[in-house]
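Participant: no FASTA, just this:
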């Protein structure tokens, strides 16, 4: 192809026609080449823009604030339960929400009244009580100050002496006082020590080797393998408790479900680097309902896979609603059991927040601001109805939330074809529209929460602990972890202090023989007064 124009003056008519046609073909080829180049450049520019967006988001995740607060300063009150409602381009009316903030306590906070007090008296000497005038000074009052002290944990030996009796006349029928039942027979671990080990590992995220070092500082040698054996054996003794947890969860009005990876080094048929899963199910029931189903029940489950079949197995027996993120396996599990399946608005909102954070510095997106404003309205409604019963909440959602959702869907559908589908905003819109039926289910059932934060909050202690111990060595260890997280989180949901509840449970479960005796050890049956030292239950 050449840019030099041919000499048409010396050509015949037929030659001229052929030359012009050839020239046209040449120009068409050039035009197609230019269009192809322009498309390639445009494609590269889009690719560069997407990579720059991802880079900004990664930098924000690495170095920026960890919360999901958007760039809008008015959105700082969000925290997954907004009380601030912004006006949007489609809704110019401003709704005012009064925010009552608790004033910070000035000065030093008082020490808890229920802490034991050791009174130390400070008095003047006899000489100091003598006045310069020669009289004896009288006590007219006192000045009291308090300071907090700490006594390091101590280990002690609990010696059990069992007396023997026999008849001196016939020298027969020797009887010995019965041995106290123990959670771990033939072990020298007491209930308090076991409770401390479990709480230290699963609540305070201390690996066993650190616990071994702590005990060594106290002059006691408890190797890691001994501690690990106690943890696993004690978890197996929790079977009667967890069976009742399972039954209570199946009665729940709503089950929140989530999962997170866990690495198990020695798992048959799998490489050490392959990720397994720790699932969480959290059963919620309507506020004010009595009985076991009136409390939150949290159950963890270890599985080597993330298949929908596993999710379906964990939901067997459940008849309420299911709240999850957008993982396809949950759709199949809900279909198998005929469960009403709701989707999490926190997940949908998170994608718009990430799209906003990926914008170039200083740039605002009125569209994202409008979308987040509508979502904040949904959360403002939920916050206002937080203490309402399911029937009242449903009525409010039908009259208020549905209208907000209709405006929000119009926003999303109007923008869907105007942004690159692979951009952060494009993905956020596509996610919301794909899961829209599930995102609106909460407006048809007042017992369903607006998001899955209950499950995410429940699984957070496990994620924090995983950062310390990194992996489980064997499947039995992973199963033990699932059992202990289940009991600890359920105890916390019932308002119990985990260590005191575990000590109470470990001391009484071995002697519990009937179903009723075991039932009264459940977190929803135990009260704080039952856990006080010397309490008889």
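Facilitator: Received the coordinates, thanks. Small disclaimer: the values here were computed from a predicted structure and weren't measured.
Participant: The helix or strand hosting residue 309: what's the following helix or strand?
Facilitator: Assigned by DSSP states H and E, residue 309 belongs to helix 308-314. On the C-terminal side of helix 308-314, the closest following helix or strand by DSSP H and E is strand 321-324.
Participant: Pull the distance from that next one to the chain's centre.
Facilitator: A distance of 15 Å separates the centroid of the chain from that of strand 321-324, by C-alpha atoms, centre = their mean, to the nearest Å.
Participant: And the contacts of the very next helix or strand once past it?
Facilitator: The first helix or strand that comes after strand 321-324 along the chain, using DSSP H and E, is helix 328-337. For helix 328-337, contacts defined as C-beta atoms under 8 Å, 6 or more residues apart in numbering pick out 257, 306-308, 310-312, 314-316, 318-319, 322, 324, 339-341. Glycine gets a C-beta too; all of them are placed from N, C-alpha and C.
Participant: for stretch 139-158, same thing?
Facilitator: With C-beta under 8 Å, 6+ apart as the test, stretch 139-158 has contacts from 111, 117, 118, 190, 193, 196, 215, 218, 219, 220.
Participant: residue contacts, the first one?
Facilitator: By C-beta under 8 Å, 6+ apart, the contact set of residue 111 is 146, 148.
Participant: what about it, distance to residue 16?
Facilitator: Note on residue 111: its distance to residue 16, by C-beta to C-beta, to the nearest Å, is 106 Å.
Participant: Check residue 352 too.
Facilitator: 63 Å.
Participant: Compare neighbour counts for those two and give me the winner.
Facilitator: A count of neighbours by other C-beta atoms under 10 Å puts residue 352 above the other of residue 352 and residue 16, at 26 against 14.
Participant: State the mean pLDDT of the helix or strand where that one lies.
Facilitator: Using DSSP H and E, residue 352 sits within helix 345-357. Computed over helix 345-357, the mean pLDDT rounds to 90.
Participant: which other helices and strands contact that helix?
Facilitator: Helix 345-357 sits against helix 13-63, helix 366-384, helix 424-434, with contacts defined as 3 or more C-beta pairs under 8 Å, 6 or more residues apart in numbering; DSSP states H and E.
Participant: repeat that with 10 Å
Facilitator: Judged by 3 or more C-beta pairs under 10 Å, 6 or more residues apart in numbering; DSSP states H and E, helix 345-357 is in contact with helix 13-63, helix 366-384, helix 402-415, helix 424-434, helix 436-439, helix 453-469.
Participant: That one versus helix 453-469: what angle between them?
Facilitator: Here helix 345-357 runs at an angle of 70 degrees relative to helix 453-469 (axes from the mean of the first three to the mean of the last three C-alpha atoms, to 10 degrees).
Participant: List the buried residues for helix 345-357?
Facilitator: Of all the residues in helix 345-357, those buried under the rule 16 or more other C-beta atoms under 10 Å are 345-357.
Participant: do stretch 177-192 as well
Facilitator: 182, 183, 184, 189, 190, 191, 192.
Participant: hey, where'd the helices end up in the stretch 101-250 of the chain?
Facilitator: 191-198, 208-217, 224-236, 239-250 (DSSP state H, counting those that start in this stretch).
Participant: Tell me which of the ones you listed is the most buried.
Facilitator: Mean neighbours per residue, mean count of other C-beta atoms under 10 Å, is largest over the helices of the stretch 101-250 of the chain for helix 191-198, with a mean of 21.
Participant: Measure how that one sits relative to helix 224-236, angle-wise.
Facilitator: Angle of helix 191-198 versus helix 224-236, following the same axes, to 10 degrees, is 100 degrees.
Participant: Look at residue 449 and say how many residues are nearby.
Facilitator: Neighbour count for residue 449, taken as other C-beta under 10 Å: 20.
Participant: What residues of stretch 18-34 count as buried?
Facilitator: Going through stretch 18-34 with 16+ other C-beta under 10 Å, nothing comes out buried.
Participant: now do stretch 387-404
Facilitator: Going by neighbour count (16+ other C-beta under 10 Å), the buried part of stretch 387-404 is 390, 393, 394, 396, 397, 400, 401, 404.
Participant: Can you tell me which of those is nearest residue 33?
Facilitator: The closest of these to residue 33 turns out to be residue 404 (C-beta to C-beta; 51.3 Å).
Participant: Give the closest residue to that closest one in space, chain neighbours not counted.
Facilitator: Spatial nearest neighbour of residue 404, excluding adjacent residues (C-beta to C-beta, 6 or more residues apart in numbering): residue 377 at 4.8 Å.
Participant: just residue 496 next, same as before
Facilitator: Excluding the flanking residues, the one nearest residue 496 by C-beta to C-beta, 6+ apart is residue 523, at 5.8 Å.
Participant: quick one, phi/psi of that neighbour?
Facilitator: Here is the backbone geometry of residue 523 (degrees, to the nearest 10): phi -60, psi -30.
Participant: Next: residue 143.
Facilitator: Torsion angles, degrees, to the nearest 10, at residue 143: phi -120, psi 120.
Participant: Count the residues that sit near it.
Facilitator: 5.
Participant: now it: how far from residue 116?
Facilitator: As judged by C-beta to C-beta, residue 143 and residue 116 stand 22 Å apart.
Participant: Run through the residues that contact the closest residue to residue 270 other than its chain neighbours.
Facilitator: Nearest residue to residue 270, sequence neighbours excluded (C-beta to C-beta, 6+ apart): residue 304, at 6.3 Å. Taking C-beta atoms under 10 Å, 6 or more residues apart in numbering, we find residue 304 in contact with 262, 264, 267-270, 274-277, 310, 475, 478.
Participant: Check residue 304 and give its pLDDT.
Facilitator: Listed pLDDT for residue 304 reads 86.
Participant: how close does it get to residue 278?
Facilitator: Taken as C-beta to C-beta, the span from residue 304 to residue 278 is 11 Å.
Participant: what is in contact with these two at once?
Facilitator: Residues touching both residue 304 and residue 278 (C-beta under 10 Å, 6+ apart) are 262, 478.
Participant: ok so, going back, got the helices of the stretch 101-250 of the chain as JSON lines, with distance to residue 168 columns?
Facilitator: Formatted as JSON lines, the helices of the stretch 101-250 of the chain follow (distance: least, C-beta to C-beta, whole Å):
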{"stretch": "helix 191-198", "distance to residue 168": "38"}
{"stretch": "helix 208-217", "distance to residue 168": "46"}
{"stretch": "helix 224-236", "distance to residue 168": "42"}
{"stretch": "helix 239-250", "distance to residue 168": "44"}
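Participant: Okay, now the unreliable bits of the stretch 251-400 of the chain?
Facilitator: Scanning the stretch 251-400 of the chain with the threshold set as pLDDT under 70 gives 269, 272-273, 285-295.
Participant: ditto for the stretch 101-250 of the chain
Facilitator: Within the stretch 101-250 of the chain, the stretches with pLDDT under 70 are 101-107.
Participant: could you pull out the strands for it?
Facilitator: 164-165, 175-176 (DSSP state E, counting those that start in this stretch).
Participant: can you pull the contacts of the residue lying closest to residue 497 once chain neighbours are set aside?
Facilitator: Spatial nearest neighbour of residue 497, excluding adjacent residues (C-beta to C-beta, 6+ apart): residue 531 at 6.9 Å. Residue 531 makes contact with 496, 497, 499, 500, 501, 502, 503, 504, 505, 537, according to C-beta under 10 Å, 6+ apart.
Participant: Pull the number of nearby residues for the closest residue in space to residue 190 that isn't next to it in sequence.
Facilitator: Of all residues not flanking residue 190 in the chain, residue 158 sits nearest, at 5.6 Å (C-beta to C-beta, 6+ apart). Residue 158: 10 surrounding residues under other C-beta under 10 Å.
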